[in-house]
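Enquirer: test case, fold it:
(chains A and B)
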Amino acid sequence: MNVEALFSINQFGLDYERLRLEAALSNIAQSNAVIGKGQTPMLAQVTATNGDFQALVAGGSPGAAPAAHLGQVAAKSRAVHDPANPMADANGDVHYVDVDMATEMTNLMSASRAYEANVRGINTLQEMTEKALQIGGR
Amino acid sequence: MNIDPIPPLTALDPTTSPANAAVPAAQGFEAMALSGLEKVDQAIKTSDASLQSYAAGGDVPVHQVMIDMEKARMALQTAIGVRDHIVDAYQEFMRMQL
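Expert: I've put the predicted structure just below:
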């Protein structure tokens, strides 16, 4: 496997963790925003990857690098009884997206740790390459 | 009692010499050095472009800028390492007593 492929794998890891952070951020941000009438509650999620990551890891060409992207999945809503709110429905309920804060916080932590691990990996790769360049040096 | 006959020797495959097959047409040292330098230059240009795009507020993640710059640095250091070895070898020849 050449260095380019290693860089591609690493970059995919960094991209993926950054997207997980984005998803958690957008979910936390919308946790207390009222859903308008006729809108469906949606949660952000890193949905799918294009390309074959396993093939890339197995030493495929960096050109076939997969790309993670941010998507939306349908979510549950939670209703809060608040007849004074202008957004309330006929029953006097206001609807919010049901964001589980514990899950989002766990996602934040794990994305941050995995990002660090990827950075550590690329630094190690670079250190090893520098060491290799010292072979035979005087 | 049945004894298996000794099988006749099979002819050896004609030797395929991978050394001869895989070697591309010899390319001059100058062309090799030039193509290496062009690769280094390309890496530096790529890192420059992504850095400019990031500085201009483009949709480029920071890690991509850093990776591009790291690639350029590694390419340059490899080129410098190769240069050092070649200069060493050249000086070795120059010191040779004939």
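Enquirer: and residue A:90, that one's in a strand?
Expert: No: residue assignment for residue A:90, taken from DSSP: H, G, I helix; E, B strand; the rest coil, gives coil, which places it outside any strand.
Enquirer: look up how far residue A:78 lies from it.
Expert: From residue A:90 over to residue A:78 the distance is 18 Å, taken as C-beta to C-beta, to the nearest Å. From N, CA and C alone the C-beta is placed, and that goes for glycine too.
Enquirer: who's more crowded, the two?
Expert: Of the pair residue A:90 and residue A:78, residue A:78 is the one with more neighbours under other C-beta atoms under 10 Å in any protein chain shown, namely 15 against 5.
Enquirer: and that one, helix, strand or coil?
Expert: In the three-state summary, residue A:78 is assigned as strand, counting by three-state DSSP.
Enquirer: wait, it touches residue A:96, no?
Expert: Yes: judged on C-beta atoms under 8 Å, residue A:78 makes contact with residue A:96 at a distance of 5.3 Å.
Enquirer: of all the residues in chain B, which ones are close to chain A?
Expert: The interface of chain B toward chain A, taken as C-beta under 8 Å from any C-beta of the partner chain, is made up of B:61, B:63-64, B:67, B:70-71, B:74, B:77-78, B:81, B:84-85, B:88.
Enquirer: and if we set it to 10 Å?
Expert: With C-beta under 10 Å from any C-beta of the partner chain as the criterion, chain B comes near chain A at residues B:61-64, B:66-68, B:70-71, B:73-75, B:77-78, B:80-82, B:84-85, B:88.
Enquirer: so what's the residue nearest to the spatial centre of chain A closest to, chain neighbours aside?
Expert: Centrality entry for chain A: nearest residue to the mean C-alpha point is residue A:20, 1.4 Å, by C-alpha atoms, centre = their mean. Nearest residue to residue A:20, sequence neighbours excluded (C-beta to C-beta, 6 or more residues apart in numbering or on different chains): residue A:111, at 4.0 Å.
Enquirer: the one you found: which element?
Expert: helix A:101-133 (DSSP states H and E).
Enquirer: pLDDT (mean, whole number) over that helix?
Expert: Helix A:101-133 comes out with an average pLDDT of 93.
Enquirer: and that helix, what does it pack onto?
Expert: In terms of contacts (3 or more C-beta pairs under 10 Å, 6 or more residues apart in numbering or on different chains; DSSP states H and E), helix A:101-133 is packed against helix A:3-29, strand A:42-50, helix B:62-94.
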